[in-house]
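Student: Can you look at this prediction? I've put the sequence above it.
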Amino acid sequence: MTILGFRTASLGLLTLLFSFLAQGEGTGIKVALITDSAGKNDKSFNESAYRGLLRVEKELGAEIKVVEAPDNNAYETLLRSLSEKKYDLIISIGFLQRDAIRKVAPRFPNQKYALIDADAGLPNVKSVLFEEQEGSYLVGALAALHSKTGVVGFIGGMDVPLIRRFQMGYEAGAKQANPKVQVLSNYLGVTPEAWNNPPKAKELALDQIQRKADVIFVAAGNSGIGVFDAVEAKKVFAIGVDSNQNWIRPGRILTSMVKSVDNAVFEMAQALKAGTFQGGTSRFGLKNNGVSFAVDSFNKSLLSKEALKQTETFKAEIISGKRQVPDYYLKNGKS
Amino acid sequence: MILFLRTLLGVGAGLGAGLGVAAYVGESPWKVFKILMGSSFGDAYSLGTTLLYAVPLLLTGMSVAIPFRAGLFNIGAEGQLTIGAISAASVAILLPDLSPFFAVTVAIFAGALGGGLWGGFVGWLKATRGSHEVITSIMMNFIAAALASYVVLYWIKDPTSAAAESLTIASAYQVAPWSIFEGASMGLALPICLAVAFVLHFALERSVFGFRLKAVGENENAAQYHGISRERVWIESMALAGALAGLVALPEVLGNAYKFKLGFSPGYGFVGIAVALVARGKIVHILWSALLFAVLQKGAASLDLETEKLNRDIVYWIQALIILGVSAEVLWSRIFEWRRARSRRKAQAPT
């Protein structure tokens, strides 16, 4: 290498280094997240979003801010204050924030927002919807295929349309895998307290087990832990929800219906950084890994090969559109 | 007046201790105080939103204070306001074709009536069956929550929403916010609720009704002896309490959300107990005490947003410490009295 060549090379390296450093500073994005009143450590839905945001901070070098709404009247105020602080993207978690975002977003047309689990229908809001019924259908099939008694259970948190959507998909999947299967369904309650009542969830699970259920899918936020206790005591199985919960009771949790809010958050931040972020509605289903069922070292030995094969076939058929999964929203007039 | 100053001392001590907690975790108390004030009164929008919390707390505070006069402890304001809100929303959805003035009047009346019946039932149970109002009013809270969710999910559900919420009420029922609040949902509810408080203040202090309430509260046997029916007072005061809680439908359903949302209340019924306690059951004092608790509730989110080390929970610390401070004030005044008595004894001793 000649001296000149060396010089050029080192100069080039330096420039590269500098531009890299500059890039690290210059394109830093600011992302804010508003959780619902359950807070960022709910071991489930909000926490998944928070995990995604932590990844955004680490991998994209973004500046992040997480705010936990103290009550349902606070969303509007928080959205307004954050909009005035010039965050590049404000992410609202949960359908309860829909009305607030509809009110605030039109006032700040240049501010970008994202809303998880509901459709805002505004040009500067990215609405992210998950096809919960698809993932529930698959775990329903897995439940029916692993049940020895021919009875499987469903325990929902608060009786709201979103959880009905889980239930409907689960029932359809179970019936498809085994037409003779019996599905027991219970809800914890009708108030938000239902998300936070493990003792009652345990009672309901014990009752279902007494009625011969040996696999129980629980979609009930913090209450799910009660169901896990019950299946451990009675040596049957549970299916977790939202986050991968297999690790909570190794060997007793058949699988988890994972809703990848974290990936959705990360992908949006990535698009924002690349300058391709757009408003509109995104649906995260089986085909783009928005929902899935978790297989890891904790439950690999619990799942039978034939059942997995059958379920994978269902999955492929749903993705290709050959198989229709009933959707509670469509059945009840929601587009 | 002395009582007011002592209460203020208790509030100050509680707030001071709460800010001390903030200092302990490493945020400047002055900064926390400034954020609380700024987020509540900083501009017209913030003021409007603070009032959005203060008006329901004013109503539930009175709802706790009035039966308290008659010696009853109303823990049921939460259920009563739920019934009031669902009643008002149901009327507004099922009768969409009324003229605006009439519509709002009917809906307010429906809210007060729904809450009033719910509260009055607790009083009636006590009067006729001797059931303790604390137990029954707590149980009625759960029944109210279940009933409201049944109505909202099966009768007036918004089918396009994933949340458990009703359809939007007809425009005739929607009470527009005042433009001075720059977008905050606060309007007619403010003067109406203030007027209610004004009327009730005089009713309690200057009317026969207020006297009967107080008579039963101070000594029910003496009241009975003087021909005041304690049973009637119980039913009346609980019905009035329920009606006040039911009026929360006005700021929340008719003035803010324009629909019934399940779980809309951040515990207004229970915070109302604290509001009434700090105000010593006096309506004039409930005005500022409701505002104080509204400032804290409103400030919770702002503290989370504006500081690095604090989250919304600091506000519950401050609330608890204020309640403690005010309760301790009773202790302080006892100490005062005891010392005064002792010095009097000393003064009398030589003679």
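Tutor: Cool, the structure landed.

Student: got the contact list for the closest residue to A:Pro109 other than its chain neighbours?
Tutor: In space, A:Pro109 comes closest to A:Asn124 once its chain neighbours are excluded; the distance is 5.9 Å by Cβ to Cβ, 6 or more residues apart in numbering or on different chains. (Glycine included, C-beta is placed from N, CA and C.) Contact partners of A:Asn124, counting by Cβ atoms under 8 Å, 6 or more residues apart in numbering or on different chains, are A:Ala105, A:Phe108, A:Pro109, A:Asn110, A:Gln111, A:Lys112, A:Tyr113, A:Gly279.

Student: Quick check: A:Asn124 vs A:Ala114, distance?
Tutor: Per Cβ to Cβ, to the nearest Å, A:Asn124 is found 10 Å from A:Ala114.

Student: Over to B:Lys261?
Tutor: Distance of B:Lys261 to A:Ala114, given as Cβ to Cβ: 22 Å.

Student: got it, and A:Lys43?
Tutor: 22 Å.

Student: neighbour count winner among the two?
Tutor: A:Ala114 (26 against 16; other Cβ atoms under 10 Å in any protein chain shown).

Student: Hmm, the more buried one is touching A:Met268, no?
Tutor: Yes: A:Ala114 is within contact range of A:Met268, at 5.4 Å (criterion: Cβ atoms under 8 Å).

Student: overlap in contacts of these two?
Tutor: A:Leu89, A:Ile91, A:Lys126, A:Val128.

Student: For the first one, grab the count of nearby residues.
Tutor: Burial of A:Leu89, expressed as a neighbour count using other Cβ under 10 Å, amounts to 23.

Student: Give me the three-state assignment for the closest residue to chain A within the stretch 101-250 of chain B.
Tutor: Per Cβ to the nearest Cβ, B:Ser149 is where the stretch 101-250 of chain B lies closest to chain A, at 3.5 Å. Following DSSP: H, G, I helix; E, B strand; the rest coil, B:Ser149 is assigned to helix.

Student: Then A:Leu115?
Tutor: Assignment for A:Leu115 (three-state DSSP): strand.

Student: likewise A:Leu286?
Tutor: coil.

Student: What about it, how many residues nearby?
Tutor: So A:Leu286, with other Cβ under 10 Å, has 20 neighbours.

Student: just the residues of chain A that are near chain B, which are they?
Tutor: Contacts of chain A with chain B, taken as Cβ under 8 Å from any Cβ of the partner chain, map to A:65, A:67-74, A:76-78, A:80-82, A:95-96, A:98-99, A:107, A:117-118, A:158-162, A:190-192, A:329, A:332-335.

Student: Okay, domains of chain A per the record?
Tutor: A:23-130, A:132-258+A:289-331 (automatic domain parsing).

Student: Now mean pLDDT too, for those, in a markdown table please.
Tutor: Formatted as a markdown table, the domains of chain A follow (pLDDT from 0 to 100):
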| stretch | mean pLDDT |
| --- | --- |
| domain A:23-130 | 90 |
| domain A:132-258+A:289-331 | 93 |
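
Student: Just say helix, strand or coil for A:Val183.
Tutor: With three-state DSSP as the criterion, A:Val183 reads strand.

Student: Can you list the residue ranges for helices in the stretch 101-250 of chain A?
Tutor: A:132-146, A:161-177, A:198-210, A:224-234 (DSSP state H, counting those that start in this stretch).

Student: Need the winner for burial among the ones you listed.
Tutor: The highest mean neighbour count among these, using mean count of other Cβ atoms under 10 Å in any protein chain shown, belongs to helix A:132-146: a mean of 28.

Student: The worst-scoring helix or strand of chain B on mean pLDDT packs against which elements?
Tutor: When the helices and strands of chain B are scored by mean pLDDT, DSSP states H and E, helix B:313-348 comes last with a mean of 80. Under the contact criterion of 3 or more Cβ pairs under 8 Å, 6 or more residues apart in numbering or on different chains; DSSP states H and E, helix B:313-348 touches helix B:2-24, helix B:268-278, helix B:283-306.

Student: measure B:Gly26 to B:Ala320 for me?
Tutor: 20 Å.

Student: Comparing those two, which residue is more hemmed in?
Tutor: Neighbour totals were compared for B:Gly26 and B:Ala320, and B:Ala320 leads with 14 against 10 (other Cβ under 10 Å).

Student: contacting residues for the residue of the stretch 1-150 of chain A found nearest chain B?
Tutor: Closest approach between the stretch 1-150 of chain A and chain B, counting by Cβ to the nearest Cβ: A:Asp71, at 3.3 Å. By Cβ under 8 Å, 6+ apart, A:Asp71 lies in contact with A:Ser37, B:Pro266, B:Gln297.

Student: what's the answer for B:Val106, then?
Tutor: Taking Cβ under 8 Å, 6+ apart, one finds B:Val91, B:Leu95, B:Leu98 in contact with B:Val106.

Student: could you flag which of the residues you listed are buried?
Tutor: B:Val91, B:Leu95, B:Leu98 (16 or more other Cβ atoms under 10 Å in any protein chain shown).

Student: where's the residue nearest to the second one when sequence neighbours are not counted, which helix or strand?
Tutor: It stands for B:Leu95. Among residues not flanking B:Leu95 along the chain, B:Val106 sits closest, at 7.3 Å (Cβ to Cβ, 6+ apart). Assessed by DSSP states H and E, B:Val106 sits inside helix B:100-129.

Student: tell me which residues in that helix are buried?
Tutor: Using 16+ other Cβ under 10 Å as the test for burial, helix B:100-129 gives B:103-104, B:106-127.

Student: check contacts around the residue nearest the centre of chain A.
Tutor: Closest to where the C-alpha atoms of chain A average out (Cα atoms, centre = their mean) is A:Lys259, at 2.8 Å. Contacts for A:Lys259 were tallied using Cβ under 8 Å, 6+ apart; they are A:Phe45, A:Ser48, A:Phe130, A:Glu132, A:Gly135, A:Val241, A:Asp242, A:Gly290, A:Val291.
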